[in-house]
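Engineer: I'd like to go over a predicted model; first the sequence, then the structure.
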Amino acid sequence: MNQLIMLAMILVIFYFFMIRPQMKKQKELKKFREGLQSGDKIVTIGGIHGKILEVADTTLLIGTESGKLRVDKTAVSNSVEDRLGQAK
């Protein structure tokens, strides 16, 4: 009986320290990506900095110093303002 209680406690601890924070982070990232608008400055997961020119259902057209790129919304990691806020 004690082993079952310990196993249940380990599973609860695992849920609260590993699974729940990851789900919360994914939900915030999804909300951020859905809220992207033209004019926002972003950084892709590949490190490309650009300004959003056009928003489609699943893609974004971004302008960079070297031209225009079309990227998938899932390739956006965060906004430039967020990165500047983290650096302070």
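Structural biologist: That came through, no problem.
Engineer: in the protein, which spans are helices?
Structural biologist: Secondary structure of the chain (DSSP state H): helices located at 2-14, 20-34, 80-87.
Engineer: so how far is Ala8 from Met1?
Structural biologist: In this view, Met1 and Ala8 are 11 Å apart by CB to CB, to the nearest Å. Just so you know, the C-beta spots here come from the backbone N, C-alpha and C atoms, and that holds for glycine as well.
Engineer: who has more neighbours out of those two?
Structural biologist: Using other CB atoms under 10 Å, the more surrounded residue of Met1 and Ala8 is Ala8, with 10 against 5.
Engineer: hang on, the earlier thing: as JSON lines, the helices of the chain with distance to Ile62 and mean pLDDT would be great.
Structural biologist: Below are the helices of the chain laid out as JSON lines (distance: least, CB to CB, whole Å; pLDDT from 0 to 100):
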{"stretch": "helix 2-14", "distance to Ile62": "39", "mean pLDDT": "94"}
{"stretch": "helix 20-34", "distance to Ile62": "13", "mean pLDDT": "92"}
{"stretch": "helix 80-87", "distance to Ile62": "12", "mean pLDDT": "60"}
